[in-house]
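Student: Predicted model, plus sequence, below.
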Amino acid sequence: MRASVRLVGGVVFAVVLLSAGAFLVQPSTGALEPVAFEDTLAMGMTGVDVSTASEQGYALPRAQVFYGQYQYVVGYYGVEALATHVESGDARRQFGDPLAVFVTDFSGSEPYVTQEGYLDLGNDLRRGWVRARDAWFVVGSDARTPAGPTVVPFSGQADAEAFADEHGGTVHDWPGLLDAAGEGESLAPASFEAAVANQSAWGDRRVTDAERLRSRPVSVVVGEDEPTLAAAVEAAPANTTVFVPPGRYETNLTIEKPLTLRGAGSGSALDGSRTGTALDDGGNGTVLDGDGNGTVLTVRSDRVAVTSLSITGVGPVDAMSPSAGNASRYADVTMRVYGRSDAAVLLARANDSLVADVHVDTGATGVMLQYSDRTVVRNVTVRGADDPRNGSMGVITLYSRAVVEEATIRGGRDGVYLHRSDGTVVRQNDAADMRYGIHEMYTSNLLIRDNAMRRTTTGIILMTRPTNNKLVENRATDSGQGIYAIGDASYLAENVVAGNDLGLTVGTSRSVVVHNTVVDNDIGMRVGTLLPTNHVVGNDVVDNDQPVTARSGPVHVWTVDGAGNYWGSVPGLDRDGDGTVDRAFRPANDVDVTASRVTGGPTLARSPALSLLQQVAASVPGLRDVGVIDTAPRTDPARPERLAEVRNRTDE
């Protein structure tokens, strides 16, 4: 053993010398020139914002940085994203000192602001790059990009002042811009917690307002005042209730005025068997039956409520084939691709509406929202197709900021699917036996809170580089993957991922990942980004076959202000009693993982050779050693009660 340790020590010492030397020798800053932006590793805006600007021809200020200890050129959509990253200190800690910083030069291109506020150049494509230290920046003007207000850089001070005179704002040099960035919004957990509280309160207000639609006076009773459901809806005055007594009603109905359609209850309960049998009224429920002839109930008015009934007979059986009603109605490609399924309830431009206490049995879509802002879908149950390949979504929101809560969804393709529905609140839903429990596309500023996903391909999946999404207190278990998150400036907190093949994929940048419980997965966490810009701290990651896997690239430091994560029993002692182990831990490193599990492992892990390598890795930002390092692993769980509860869980 001693001979082996001496041999390892010699090899490690050589590696340390070579690695340190590689970082000491840097090209002179004068030799660095801007590269094509598409060749950078870019961050700072969502994919949808970038594509929208490209499609519309809007100008996007950009930046690119050569860092001293990072092998890639880092690009930034938005100079404000660059300034915030540099001023926070994260850039230097993660990548080393910036050797050269270049920003888009708008001097000579005559930029202007459109009526919508977007920065535009018309047909003038003359744009180059200027070093940030030589540039002048207009801050606080009317100019914006699809992502929000933007900083506009110029190589000439006179050009910057002329732009500010015409479009507002103040002119700063590079140090002044960094000072302004230092006063901006923080990505600290407290700022996200405030955003979660504010968005939850917005959802509460929306539910309270929508629930008032239930109290409209009854004007027409089907079968008493009018012989058919269609006749009752036609006869009812606006802002009243049509009551539908127990029974089965064959209909394909459209509502085009503000009404409440209220049944006598669903008369059916969703169980785990998903037998696929058609609903019946059970003697005391209201059932709308579309007889397989397309969407059963279509709403084309604001402030409509559909409550307390069941729906079946949605057609066609092939849920993703174009329906006669939906596919041709919208030229928008999103509608033609994602909105083509028939639905039990379709709300099209039906703002401030409510769908509640509705049970759906369908191979197609349960509830679909199109351009229906502030609509609430709550306490619905959807029993979908047994084979996800033949099914559609439980609830779809398209271009609709909505609240989806307390839904129970079994089977089908996805539980809740969100497309270009910024600001939506998805909470307290239960999804199982499908592809994706919650599926985000091109949607930012989401609040996904307190949802439960089981037996899915992926419990929650965030795609298309969204920004400012909050995933809080969700539970994803017994699935292929628990949570898969990419994007920017997001918050993943207090989630539970347990019993999955892969627990949590952190593919985000500039995000906070805190107080999550990651237990009993084949792989606990996976690093899915080359940019080590996330704050990952206070998580309990234990009992996983492999705690962490990471792609090639720089070391990701998962320690913030001297606080790390809990990895179970790791080698080392808490000599100063501060609750942290006095030895760094690499959860993606086989040696460290083995040392935490086998007899004799701690001795090897504390060998001088390995300690020397870890000291260098901890002190040199961007050291090209694949993986993750926690320089202050916790001695005790961050959330002991939750960890104990998850460890003792039983499969549902």
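Tutor: Done, it's in.

Student: Contact partners for Arg378?
Tutor: For Arg378, the contacting residues are 207, 354-356, 403-407, by C-beta atoms under 8 Å, 6 or more residues apart in numbering. (Glycine included, C-beta is placed from N, CA and C.)

Student: Quick check: bridge partners of it?
Tutor: Counting by DSSP bridges, Arg378 is bridged to Ala356, Glu405.

Student: which strands and helices sit next to the helix or strand containing Ile448?
Tutor: In the assignment (DSSP states H and E), Ile448 maps to strand 447-449. Other helices and strands packing on strand 447-449, by 3 or more C-beta pairs under 8 Å, 6 or more residues apart in numbering; DSSP states H and E, are helix 189-211, strand 425-427, strand 470-472.

Student: Would you mark the buried spots in the first one?
Tutor: Of the residues in helix 189-211, those with enough neighbours to count as buried (16 or more other C-beta atoms under 10 Å) are 189, 192-193, 195-196, 199-200, 202-203, 206-207, 210.

Student: which of the residues you listed lies closest to Asp373?
Tutor: Within the buried residues of helix 189-211, the smallest distance to Asp373 is 9.7 Å, found for Arg206 (C-beta to C-beta).

Student: which residues touch the closest one?
Tutor: Neighbouring residues of Arg206 by C-beta under 8 Å, 6+ apart: 374, 376, 403, 425.

Student: If we use 6 Å, what do you get?
Tutor: 374, 376, 403 (C-beta atoms under 6 Å, 6 or more residues apart in numbering).

Student: residues near the second one, how many?
Tutor: Val376 is surrounded by 24 other residues when neighbours are defined as other C-beta atoms under 10 Å.

Student: one step back: format the buried residues of helix 189-211 as JSON lines; extra columns: distance to Asn544 and pLDDT.
Tutor: What follows is these, written out as JSON lines (distance: C-beta to C-beta, whole Å; pLDDT from 0 to 100):
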{"residue": "Pro189", "distance to Asn544": "24", "pLDDT": "81"}
{"residue": "Phe192", "distance to Asn544": "26", "pLDDT": "89"}
{"residue": "Glu193", "distance to Asn544": "27", "pLDDT": "91"}
{"residue": "Ala195", "distance to Asn544": "30", "pLDDT": "91"}
{"residue": "Val196", "distance to Asn544": "27", "pLDDT": "94"}
{"residue": "Gln199", "distance to Asn544": "31", "pLDDT": "96"}
{"residue": "Ser200", "distance to Asn544": "31", "pLDDT": "97"}
{"residue": "Trp202", "distance to Asn544": "36", "pLDDT": "97"}
{"residue": "Gly203", "distance to Asn544": "33", "pLDDT": "97"}
{"residue": "Arg206", "distance to Asn544": "38", "pLDDT": "98"}
{"residue": "Val207", "distance to Asn544": "38", "pLDDT": "98"}
{"residue": "Ala210", "distance to Asn544": "42", "pLDDT": "98"}
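
Student: possible to save those as CSV with distance to Asp179?
Tutor: Converted to CSV, those look like this (distance: C-beta to C-beta, whole Å):
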residue, distance to Asp179
Pro189, 24
Phe192, 24
Glu193, 27
Ala195, 25
Val196, 29
Gln199, 30
Ser200, 34
Trp202, 33
Gly203, 37
Arg206, 39
Val207, 43
Ala210, 45
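
Student: Which two of the residues you listed have the greatest separation?
Tutor: Using C-beta to C-beta, the buried residues of helix 189-211 reach their maximum pairwise distance at Pro189 and Ala210, which is 31.2 Å.

Student: give me the low-pLDDT residue ranges for the stretch 151-300 of the chain?
Tutor: Counting by pLDDT under 70, the stretch 151-300 of the chain shows low-confidence ranges at 181-188, 267-283.

Student: just the helices in it please.
Tutor: Here the stretch 151-300 of the chain has its helices, by DSSP state H, counting those that start in this stretch, at 157-167, 174-182, 189-211, 229-235.

Student: Identify the residues contacting the residue lying closest to Ala180 once chain neighbours are set aside.
Tutor: Nearest in space to Ala180, with sequence neighbours left out and distances taken as C-beta to C-beta, 6 or more residues apart in numbering, is Val139 at 5.8 Å. In this structure, Val139 makes contact with 151, 169-170, 172, 180, judged by C-beta under 6 Å, 6+ apart.

Student: And Pro258, by the same measure?
Tutor: Each residue near Pro258 by C-beta under 6 Å, 6+ apart is listed here: 238-239, 301, 303.

Student: end-to-end on stretch 549-569?
Tutor: Stretch 549-569 stretches 19 Å from its first residue to its last (C-alpha to C-alpha, to the nearest Å).

Student: Any buried residues in that stretch, and which?
Tutor: Neighbour-count burial for stretch 549-569 flags 549-550, 553-560, 563-568 (criterion: 16+ other C-beta under 10 Å).

Student: Can you name the residues in contact with that stretch?
Tutor: 523, 526-527, 530, 532, 535-537, 539-542, 585, 587-588, 617, 622-623, 625-634, 637-638.

Student: For Thr458, list each beta-bridge partner.
Tutor: As for beta bridges, Thr458 partners with Tyr436, Gln481 under DSSP bridges.

Student: and it, how many neighbours?
Tutor: 24.

Student: do Ala232 as well
Tutor: So Ala232, with other C-beta under 10 Å, has 23 neighbours.

Student: Name the nearest residue to it, sequence neighbours excluded.
Tutor: Of all residues not flanking Ala232 in the chain, Glu226 sits nearest, at 4.0 Å (C-beta to C-beta, 6+ apart).

Student: What distance do you get for the one you found to Ser310?
Tutor: From Glu226 over to Ser310 the distance is 21 Å, taken as C-beta to C-beta, to the nearest Å.

Student: and these two? which has more neighbours close in?
Tutor: The residue with more neighbours, out of Glu226 and Ser310, is Ser310; 27 against 17, by other C-beta under 10 Å.

Student: Can you name the residues bridging to that one?
Tutor: Where Ser310 sits in a bridge, its partners, by DSSP bridges, are Val287, His359.

Student: what does Thr145 give?
Tutor: The partner residues for Thr145, given DSSP bridges, come to Gly148.

Student: mind checking which helix or strand of the protein has the lowest mean pLDDT?
Tutor: Lowest mean confidence among the helices and strands of the chain (mean pLDDT, DSSP states H and E): helix 2-24, at a mean of 30.

Student: domain assignment for the chain?
Tutor: Per automatic domain parsing, the structural domains of the chain span 32-182, 187-442, 445-652.

Student: Which parts of the stretch 451-600 of the chain are strands?
Tutor: Along the stretch 451-600 of the chain, counting by DSSP state E, counting those that start in this stretch, strands occupy 452-462, 470-472, 475-477, 481-488, 491-493, 496-498, 502-509, 512-514, 517-519, 523-527, 535-537, 540-542, 546-550, 556-557.

Student: Phe106 is nearest to which of the ones you listed?
Tutor: Across the strands of the stretch 451-600 of the chain, Phe106 has its closest neighbour in strand 481-488 (23.9 Å, C-beta to C-beta).

Student: what is the orientation angle of that closest one with strand 452-462?
Tutor: Orientation check (axes from the mean of the first three to the mean of the last three C-alpha atoms, to 10 degrees): strand 481-488 against strand 452-462 gives 30 degrees.
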